[in-house]
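Enquirer: I'd like to go over a predicted model; first the sequence, then the structure.
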Amino acid sequence: MNEREMSFFGQYRTLNIIMLWLFFITMMLLFVPFTDIAPVLAERVEENRQYLYIALIVCAANFAAQLISSFFMRLSSRHLQKRLDAQLKQSVSRLDFAERALLREFVLQRKSVLALPLDEPTVRSLVESGILKIMPLPPDENDKYKMAISKAARPYITYKAIGLSRGHMSEESISQIMAARPEYARVRAPMPRAYRGSRAA
């Protein structure tokens, strides 16, 4: 059961508890023989048997309606997920030069999360297509947001898709890849303290 279905049933939690109790009590009154142990109760049950059956039908109809709704919700969720996966696959297959260069940074820097400027067109394009996901963290002092490759897009972000190879690469290919690295995605190493001191002096 996914989050959407859990949310759906959570909305009716109180109703379901009441209906469940009503269902079991009605079943007990209808099918447990009270004639010998509680004659008065048995008489009352017999007088109101038609209403008890109506209550039983209402309970069963409620549960059946929720099961049917859950079934169609699951079908809808699967259809939506397939459509989103197809869109992601298509977006990855159409990555331009700048987008591939940015995604390579996750490999070159060996990081799963990078600080990136949202106002950069390449970054914004990857976020809008669902390939990059903004982490729920405030931006840093440079107005950069922590971003990661979305879980849904990861299966499609292969070495081949971003212009890399797991095998041997020529010096020319390596030079082209390094030259294409986006400046805004690079992490500048902090200046050594001793060097900063000598510069200040």
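Expert: Sure, I can see it. Model, not experiment: these values are computed from the prediction. Numbers count the residues shown, from 1 in each chain.
Enquirer: Count the residues that sit near residue 114.
Expert: 22 (other C-beta atoms under 10 Å). The C-beta positions use only the backbone N, C-alpha and C, and glycine is treated the same way.
Enquirer: Show me the strands in this structure, by range?
Expert: 113-117, 132-134, 144-149 (DSSP state E).
Enquirer: residues contacting residue 63?
Expert: Going by C-beta atoms under 8 Å, 6 or more residues apart in numbering, residue 63 touches 19, 23.
Enquirer: ugh, typo on my part, it should be residue 122
Expert: By C-beta under 8 Å, 6+ apart, the contact set of residue 122 is 98, 99, 102, 182.
Enquirer: farthest-separated two in these?
Expert: Maximum pairwise distance in the contacts of residue 122, criterion C-beta to C-beta, is 9.9 Å, between 99 and 182.
Enquirer: ok, those two, which is more surrounded?
Expert: Taking other C-beta under 10 Å, residue 99 and residue 182 do not tie; residue 99 has more neighbours (22 against 17).
Enquirer: my read: the more buried one touches residue 127, true?
Expert: No: at 11.1 Å, residue 99 and residue 127 do not qualify as touching, with contact defined as C-beta atoms under 8 Å.
Enquirer: Name the spans of this protein whose pLDDT lies under the cut-off.
Expert: 1-11, 188-201 (pLDDT under 70).
Enquirer: How is it divided into domains?
Expert: Following automatic domain parsing, one gets these domains for the chain: 3-93, 99-185.
Enquirer: what's the most buried one of those domains?
Expert: domain 99-185 (a mean of 15; mean count of other C-beta atoms under 10 Å).
Enquirer: From start to finish, how long is that one in a straight line?
Expert: Criterion C-alpha to C-alpha, to the nearest Å; first-to-last residue distance in domain 99-185 is 12 Å.
Enquirer: please begin residue numbering at 535 from this point
Expert: That works, and once the first residue is 535, the last one we named lands at domain 633-719.
Enquirer: Quick check: the gap between residue 571 and residue 549.
Expert: 32 Å (C-beta to C-beta, to the nearest Å).
Enquirer: mind saving the C-alpha coords of stretch 610-624 as CSV?
Expert: What follows is stretch 610-624 as a C-alpha-only set of coordinates in CSV (Å, rounded to 0.1, in the frame of the first residue of the first chain):
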residue,chain,number,x,y,z
SER,A,610,-4.4,5.2,-11.5
SER,A,611,-1.2,5.4,-9.4
ARG,A,612,0.5,2.8,-11.5
HIS,A,613,-0.6,4.4,-14.8
LEU,A,614,0.7,7.8,-13.5
GLN,A,615,4.0,6.3,-12.5
LYS,A,616,4.5,4.6,-15.9
ARG,A,617,3.8,7.9,-17.6
LEU,A,618,6.2,9.8,-15.4
ASP,A,619,8.9,7.1,-16.0
ALA,A,620,8.4,7.4,-19.7
GLN,A,621,8.7,11.2,-19.5
LEU,A,622,11.9,10.9,-17.4
LYS,A,623,13.4,8.3,-19.9
GLN,A,624,12.6,10.7,-22.7
